[in-house]
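Visitor: What would the 3D arrangement of this be:
(chains A, B and C)
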Amino acid sequence: MSAQVGRENVVLQSLAQIGACGLFLLRILAALPRSLRHAGETVRQLWFVGAMSLIIIMTCGLFVGLVLGLQLYYVLAIFGGTSATGSVVALAIYRELGPVVTGLLFAGRAGTSITAEIGLMRATDQIAAMEMMAVDPIAYVAAPRFLAGLIAMPLLCCVFCAMGIFGGHLVGVSWLGVDNGTFWSNMTANVDLWKDVINSVIWKSAAFGAVISLIAVFQGYTTAPTSEGVAYATTRTVVASSIAILALDFVLTAFLM
Amino acid sequence: MSQRKSYAVGTGLFIVLGFAALAYLATQTTSVANSHQGVSYTVDAQFANVGQLKEGAPVKVAGVRVGQVQSIALEPGKDVADVTLSIDKKYAQIPTDSVATIYTSGLLGDQYVGVQFGGAKTYVANGGHIGLTKSTQPLEDMLGKFLGGGSAADAIGGTYSVTANFTNVGALAVGAPVKMAGVAIGSVASVKADPVKLNALVTMDIDKKYSQIPDDSAAAIFTSGLIGSQYVAIQPGGSPNSLKDGDQLILTQSAVQLEDLIGKFLVSGSPNSGSNAGNNGNNANNGPSNSPAGKH
Amino acid sequence: MTDPVHAKPDDRTLVRIRGLTTVLSGKTVFDKLDMDIPRGKVTAIMGPSGTGKTTLLKHITGQMRGDVGEVRVDGLNVPELSRDELFELRERIGYLFQNSALLTDFDVFENVAFPLRQHTKLPEVLIRNIVLTKLQAVGLRGAASLTPSELSGGMARRVALARAIVFDPMLILYDEPFVGLDPIALNQVLKLIRTLNETLGITSVLVAHELEAIKQVADHIYLIANGKVVAQGDPKTIADDGSPWTRQFFGGDADGPVPFQYPADDYAQALGFKQGAA
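Guide: Next up, the predicted model:
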């Protein structure tokens, strides 16, 4: 990261970053078999990036569901279709809001902490110390975090979706008076297990999880070992992950639908 | 070490919670939920028209779900649909003279089979048959009756053409039917903007069979059904003279925005002058039977 | 400079550097550097700041590779080792980082146990015994359950030392072990270096500036500057070899072969007092 980079080099630099990120992914994948020896570390990371993100994911999922229920109810009321509230809430959450909002929250909550943690480990020579103790930092530090992100995202997304449905039900049925049976039967009639839950919720969020944790680990690992460098890398993690999520969302939707 | 163990337990709980959420989404909110039910038995029923009924659609008694549609098949050589209903064993006592009807839940909802119990003391057995059925009532029919629409245009012989000016033709297309009393009597030949009057000039080809149309008749643009296409309706006047080739209909009623109409109807808004769309202040409840107020 | 080809394991030399040349971003760090580090002794590497003393340690551990030359550690030429061979070698080398580099995720006990857990499948009881022995050796057995953030600089350095010796290495590299320590902590670390060397016979390489401390502990001193060894010898004789380098370095003069001024263009010209300024 030389300090003086001409404006014309921004494109080239971004391309170089993407390329370096891809090579880093290959290094992680190559280190995956070795990282299996550090399964305990993956579990520990799963706790940090997954379980510790639960509260924010559940809260946001609930509110997204509440507001969706409210908005959709009033829109559907115009067409006399409030009985469809359940299915529209479910489809909106499964197909788009669940994976995307979970991804953005995950990037903000877990991605930044991964970047900052690895960046500080580098700044305080912990990475070098591992090298010196004959422990491969890619296998011990990078790969477990990458795996944890990959596993945690679909689980978090499921929790988010469940809370969203709960929120939509709360508003639609308990507050606005949509019939409970209608709410569910309409939902079950229109939501497809493979198309909506497996393809959208699971695959999309797993892809997002892989991309976010890759970016986070990469930024942390390649950061300049100063406090300024760590701060800069953290910001870049959020920016790059958010763009990647939304762009990937479009591509995946086009392919999976 | 105890530190490590607490991570493992917490992470385990997290994973269990995630999978529980997944199981919940998969089984309770998707169509999978419908296939999970107790021991069931099947009965079948014939319908003349199943409309949009799908396999897996609910079967309800008194509005409560008792089973689902297992299969819909067309018997070869017959023009009735054979619908097999899979009904939960605990609701096995369906009187033999019950009536199966295809309903729509709400305006935009899906269709389901409703069963009204009869008074017979004998019950339909497993694999039995419900004799009395009522087919789906196409929404288009209901709205059509209500809005004054009719069926599609018939084949037409020789024609003569008349013109009419409308302030708004809506989505009226060339080839759209021209109807009188709901029966197609011709079709729209052209829709042009009138450069002088600054409104739309519609040319209609009318079947020669219908040469007795009074020349003070009114032309109105209507929509067939909720999402149907638009057509021109001729409402006969009282003049002794008949329309001839090249005549112009003076009294016209422009297209009314369907959204307005339905909105008013469904949300039971108060009557107001729908002047934004047509030049006629009809509210939907009056429908086309109201005598059109023409405009030049 | 007798046998540049191969150093046998029973040789008196553990680390043998021959003709090492390294250029980093245009700056020549090492210029055909030769150095022998004797087995079982404490060797100190001194020199002005920025002469690449830490870089030299990184060459010995294979974290960095020179452009030319060989670095033999226990007979193995480090720059030519594969990753696995390098890792094998590193298991026999302890390295004490300038800032201790304890893993912040773990407490003191787990930090010291980390190499054991990574490379062995010893039963928990044995791991516990080894770790407590090492912690006792550095006097911090009572601090086993503290986290790195609760330790003072001196304590952190002693924990890092305990971690470095957990495998009883043949060689320990100390990177500025005395920086930022109060006199008491400094003497504690000093005592540990001496004790480890005397009791376990561990070869030690010390990069430091603290002359008085080094005089107490080192058997041999290398003074490097401008990418070369400019003086060497035991602590008593090195200061008397009469070269301008040793005179400046051990005398602590501000100016000498190591100039006070960073290389720059002409001063008067830069201030615009001389004709020819732009």
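
Visitor: And the lowest mean pLDDT element among the helices and strands of chain A?
Guide: helix A:180-190 (a mean of 82; mean pLDDT, DSSP states H and E).

Visitor: Okay, buried residues for that one please.
Guide: A:181-190 (16 or more other C-beta atoms under 10 Å in any protein chain shown). The C-beta positions use only the backbone N, C-alpha and C, and glycine is treated the same way.

Visitor: and those residues near chain B, which?
Guide: By C-beta under 8 Å from any C-beta of the partner chain, the members of the buried residues of helix A:180-190 lying near chain B are A:181-182, A:184-190.

Visitor: Show me what from the stretch 51-200 of chain A comes close to chain B.
Guide: So far as C-beta under 8 Å from any C-beta goes, the stretch 51-200 of chain A lies against chain B at A:51, A:54, A:76-84, A:90, A:94, A:151-152, A:154-156, A:158-159, A:161-162, A:165, A:181-182, A:184-193, A:196-198.

Visitor: And C:Glu80, what's its pLDDT?
Guide: C:Glu80 is assigned a predicted lDDT (pLDDT) of 88.

Visitor: For it, list the residues it contacts.
Guide: Contact partners of C:Glu80, counting by C-beta atoms under 8 Å, 6 or more residues apart in numbering or on different chains, are absent.

Visitor: And whichever strand or helix holds B:Ile72, how far out from the chain middle?
Guide: Secondary structure from DSSP states H and E places B:Ile72 in strand B:64-74. Put simply, strand B:64-74 sits 22 Å off its chain's centre (C-alpha atoms, centre = their mean, to the nearest Å).

Visitor: and that strand, which strands flank it?
Guide: strand B:58-61 (antiparallel), strand B:81-88 (antiparallel) (DSSP bridges).

Visitor: Just put those in JSON lines and tack on mean pLDDT.
Guide: Output for the strands paired with strand B:64-74, formatted as JSON lines (pLDDT from 0 to 100):
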{"stretch": "strand B:58-61", "mean pLDDT": "83"}
{"stretch": "strand B:81-88", "mean pLDDT": "85"}
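
Visitor: Output the ones you listed as JSON lines; include the columns distance to C:Lys215 and mean neighbour count.
Guide: Listed next are those as JSON lines, based on distance: least, C-beta to C-beta, whole Å; neighbours: other C-beta atoms under 10 Å in any protein chain shown:
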{"stretch": "strand B:58-61", "distance to C:Lys215": "93", "mean neighbour count": "20"}
{"stretch": "strand B:81-88", "distance to C:Lys215": "94", "mean neighbour count": "20"}
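
Visitor: List the neighbouring strands of the strand or helix carrying C:Asp36 plus their orientation.
Guide: Using DSSP H and E, C:Asp36 sits in strand C:27-38. Strand C:27-38 has its sheet partners listed here by DSSP bridges as strand C:13-24 (antiparallel).

Visitor: how about the partner strand as CSV, C-alpha atoms only?
Guide: Taking Å, rounded to 0.1, in the frame of the first residue of the first chain, the C-alpha atoms of strand C:13-24 are listed here in CSV:
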residue,chain,number,x,y,z
THR,C,13,29.4,-23.5,15.0
LEU,C,14,25.6,-23.6,15.1
VAL,C,15,24.8,-20.8,12.7
ARG,C,16,27.0,-20.1,9.8
ILE,C,17,26.3,-17.2,7.5
ARG,C,18,28.4,-16.8,4.3
GLY,C,19,28.3,-14.1,1.7
LEU,C,20,24.8,-13.0,2.6
THR,C,21,23.6,-10.1,0.4
THR,C,22,20.1,-8.6,0.7
VAL,C,23,18.7,-5.6,-1.0
LEU,C,24,15.3,-4.4,0.3
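
Visitor: Show me what that strand is in contact with.
Guide: For strand C:13-24, the external contacting residues (C-beta under 8 Å, 6+ apart) are C:1, C:4, C:7, C:28-40, C:52, C:55-56, C:59-60, C:64, C:66-74, C:170-171, C:203, C:205, C:227.

Visitor: Make a ChimeraX selection of the buried ones in those.
Guide: Command for ChimeraX that selects the buried part of the contacts of strand C:13-24, burial taken from 16+ other C-beta under 10 Å:
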select /C:7,29,30,33,35,36,37,39,52,55,56,59,60,64,66,69,70,71,72,73,74,170,171,203,205,227
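
Visitor: Least confident secondary structure element in chain B?
Guide: helix B:139-147 (a mean of 53).

Visitor: now the next helix-or-strand element following that helix: mean pLDDT?
Guide: Scanning forward in sequence from helix B:139-147 by DSSP H and E, the next helix or strand is strand B:159-166. Average pLDDT, strand B:159-166: 85.

Visitor: Partner strands of the helix or strand just after strand B:159-166, with direction?
Guide: As assigned by DSSP H and E, the chain's next helix or strand after strand B:159-166 is strand B:177-180. Take DSSP bridges as the rule and strand B:177-180 pairs in its sheet with strand B:183-193 (antiparallel), strand B:230-235 (parallel).

Visitor: how far does the shortest one sit from the chain's center?
Guide: Right, strand B:230-235. For strand B:230-235 - counting by C-alpha atoms, centre = their mean - the centre lies 19 Å from the chain centre.

Visitor: same thing with stretch C:251-271?
Guide: That offset, for stretch C:251-271, works out to 29 Å (C-alpha atoms, centre = their mean).

Visitor: Please apply the same query to stretch C:102-119.
Guide: 22 Å.

Visitor: which residues touch A:Ile198?
Guide: With the criterion set at C-beta under 8 Å, 6+ apart, A:Ile198 makes contact with B:Ala26.

Visitor: doesn't it fall inside a helix?
Guide: Yes - assessed by DSSP: H, G, I helix; E, B strand; the rest coil, A:Ile198 belongs to a helix.

Visitor: pLDDT score for it?
Guide: 89.

Visitor: Ok, the one 5 residues further on next?
Guide: Note for A:Trp203: predicted pLDDT of 92.

Visitor: Check the one 10 residues further on too.
Guide: In this prediction, A:Ser213 carries a pLDDT score of 96.

Visitor: Check C:Ser152 too.
Guide: 88.

Visitor: Name the nearest residue to it, sequence neighbours excluded.
Guide: C:Ala185 (7.4 Å; C-beta to C-beta, 6 or more residues apart in numbering or on different chains).

Visitor: For that neighbour, the count of nearby residues, please.
Guide: 18 (other C-beta atoms under 10 Å in any protein chain shown).
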